[in-house]
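Trainee: Need a 3D model of the following:
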Amino acid sequence: EREKEGDTAQRKEKVVNFGLKGGFTSSLFLVNDLSMGSVSINEFQNKYRIGYFASLFLRINLGHYFLQPEASYNVNRSSLTFIFPENVNTSAATAGQEVFIETDIHSFDVPILFGWNIIKEHPYSLAIVGGPKLRYIWGKKSKTNFNNLSRQQISEQLRPFNLGLSVGVAVTIHPVFFDCRYDIGLNNISKRVVYEFPEGATAAGNEPHIRFAHRDNVLSFSLGILF
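Mentor: Prediction:
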């Protein structure tokens, strides 16, 4: 009888499932370099902000293992606060002024995940997953605001293609599943920070070069369904 039950459970599992999921993200800057001219800023307050995402995916079942390619649309938000340093010649801010950097990054992500089912007793499973992630940042929708640097218009240009790593845990009560995942960026997503002046205008002073090299650090939670 037990063998028959095992055979029945095996027949219920498809070789390939597809699924939908959605949830929210909590992201934080991993700052490699934040500087105004030659002055490095090492003291700042890094704050999580809430974003969201939606995904489509395939799950190719290989016994206790599976391969899961995904395609998702993500909106990640982060913020950082620091005190503008002294000895920086600029018309955009004064020393001691509090500056806020806030980002809204819209991206299309393609993780390729390998999973291992630690527990697998139909309809229950507990799995750990991990793998690389390719990311395309939608520059026209994404925005970085340098608040309180208001004398001139300042904007950040982001690198469109980026790489990351994803690791996480997934709990399934078929067909519903919940997962928690941690994503870390492998490269600096900032190409440059630039001043934009109105046509015919020039800088009021020697504006400092701003360097803001940062990566992503994202924790996500999602609820989905397998078909």
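Trainee: What sits closest to residue 87 if chain neighbours are left out?
Mentor: residue 39 (6.5 Å; CB to CB, 6 or more residues apart in numbering). Placement of C-beta: from N, CA and C, glycine included.
Trainee: quick one: the one you found and residue 84 touch, right?
Mentor: No. The pair residue 39 / residue 84 is not scored as a contact, 9.6 Å apart, by CB atoms under 8 Å.
Trainee: who's in contact with the residue nearest to residue 87?
Mentor: Applying CB atoms under 8 Å, 6 or more residues apart in numbering, we find residue 39 in contact with 85, 87-88, 208.
Trainee: Give me the pLDDT value at it.
Mentor: Predicted confidence (pLDDT) for residue 39: 88.
Trainee: Need the contacts of residue 39 in TSV (columns: pLDDT).
Mentor: Converted to TSV, the contacts of residue 39 look like this (pLDDT from 0 to 100):
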residue	pLDDT
85	84
87	75
88	76
208	75
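Trainee: Give me the buried subset of those.
Mentor: For the contacts of residue 39, a burial check counting by 16 or more other CB atoms under 10 Å picks out 85, 88, 208.
Trainee: Which one of those is nearest to residue 124?
Mentor: residue 85 (55.2 Å; CB to CB).
Trainee: tell me the contacts of the closest one?
Mentor: Residue 85 neighbours (CB under 8 Å, 6+ apart): 36, 39, 41, 95.
Trainee: repeat for residue 65
Mentor: By CB under 8 Å, 6+ apart, the neighbours of residue 65 are 114-117.
Trainee: quick one: which of these has the most company?
Mentor: The most neighbours of any of the contacts of residue 65, using other CB atoms under 10 Å, belong to residue 115, which has 24 neighbours.
Trainee: could you say which helix or strand contains that one?
Mentor: Using DSSP states H and E, residue 115 sits within strand 98-121.
Trainee: Could you give the average pLDDT over that strand?
Mentor: Mean predicted confidence for strand 98-121 is 96.
Trainee: Packing partners of it?
Mentor: strand 45-62, strand 65-83, strand 124-137, strand 143-147, strand 161-173 (3 or more CB pairs under 8 Å, 6 or more residues apart in numbering; DSSP states H and E).
Trainee: All set now, cheers.
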